[in-house]
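K.L.:
Attaching a predicted model along with its sequence, questions to come.
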Amino acid sequence: QTCALPIYIWDRKLTDQNTLVIYFGRPKDILAYFLSDGPTILKSSFSCVLVEIVSLVLAGVVSVILLVLGLSSDGRLSAIERSVAVLQTVPVLVIVTLSLLAEAQLLAMLDARMSAGWYCLIPVTIALMFPPLANGAAAIRRTPIQLKAMFRLWGAPSFWRISRVYLPMAIPDILTGVRASATWAV
């Protein structure tokens, strides 16, 4: 009953000069719009959800690739972690906007055109990859020092250490970051 009261006020009591009514019309107008153009709205919604899912998957994959690159050399992982920590403080909308502007300039120089979904894929992926990357780097940093020393003593190859120990330890934290990014994907 309490949910119906605001809709009743919006529909019956607000004047035509009210900001809500000016921008959105009346509730019956919104329903009429959805009923008149339902297939287009569903198609656009499906396309948006598809871009979100693909961006989340790509954010996780790019995070794993960057972590592997960071682990392949001394000092790279800490540099990646520091830069991600700084970039994570930048609002998502700023990152997406700057990425879209850069992508628009690149496409203009190449005289290329993309659909809206493809156009949004790269900026959204960039914006979503910071939490998985930061969480994965933190998980790798928490590796016990005794384990790292044992790998050095045994002379374990770096690819073996990365693929058998570091990444399996980091995957749960990377997936936690992907889950956190999912809230921003929408």
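P.N.:
All right, it came through fine. Residues are numbered from 1 along each chain as shown.

K.L.:
in the chain, which residue is closest to the centre?
P.N.:
L128 (2.2 Å; CA atoms, centre = their mean).

K.L.:
Mind pulling up the pLDDT for that residue?
P.N.:
pLDDT, L128: 89.

K.L.:
Now do the buried residues in stretch 81-94.
P.N.:
For stretch 81-94, a neighbour-count test (16 or more other CB atoms under 10 Å) marks 81, 84, 92 as buried. Any C-beta I mention is one placed from the backbone N, CA and C, and that applies to glycine too.

K.L.:
hmm, I was thinking of stretch 18-32
P.N.:
In stretch 18-32, counting by 16+ other CB under 10 Å, buried: R26.

K.L.:
ok, now stretch 111-127?
P.N.:
119-127.

K.L.:
mind exporting it as CSV, just the C-alpha atoms?
P.N.:
Taking C-alpha atoms only, stretch 111-127 is exported to CSV below (Å, rounded to 0.1, in the frame of the first residue of the first chain):
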residue,chain,number,x,y,z
ASP,A,111,37.5,6.3,-40.3
ALA,A,112,35.8,3.3,-38.8
ARG,A,113,32.4,2.8,-37.2
MET,A,114,31.2,0.4,-34.5
SER,A,115,27.9,-0.5,-33.0
ALA,A,116,27.2,0.8,-29.5
GLY,A,117,27.8,-2.5,-27.9
TRP,A,118,31.3,-2.9,-29.4
TYR,A,119,32.0,0.8,-28.8
CYS,A,120,31.3,0.3,-25.0
LEU,A,121,33.1,-3.0,-24.6
ILE,A,122,36.7,-1.7,-24.2
PRO,A,123,35.9,1.2,-21.9
VAL,A,124,33.7,-0.8,-19.6
THR,A,125,36.2,-3.6,-19.5
ILE,A,126,39.0,-1.2,-18.5
ALA,A,127,36.8,0.3,-15.8
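
K.L.:
what's that stretch in contact with?
P.N.:
Stretch 111-127 is contacted by residues 47-48, 50-52, 54-55, 58-59, 62, 92, 95-96, 99-100, 103, 107, 184-185 when judged by CB atoms under 8 Å, 6 or more residues apart in numbering.

K.L.:
So among the buried residues of stretch 81-94, where is pLDDT lowest?
P.N.:
Lowest pLDDT among those: V92, 76.

K.L.:
measure that one to W160 for me?
P.N.:
Distance of V92 to W160, computed by CB to CB, to the nearest Å: 37 Å.

K.L.:
Separate out the buried members of the contacts of stretch 111-127.
P.N.:
By 16+ other CB under 10 Å, the contacts of stretch 111-127 give 51-52, 54-55, 58-59, 62, 92, 95-96, 99, 103, 184-185 as buried.
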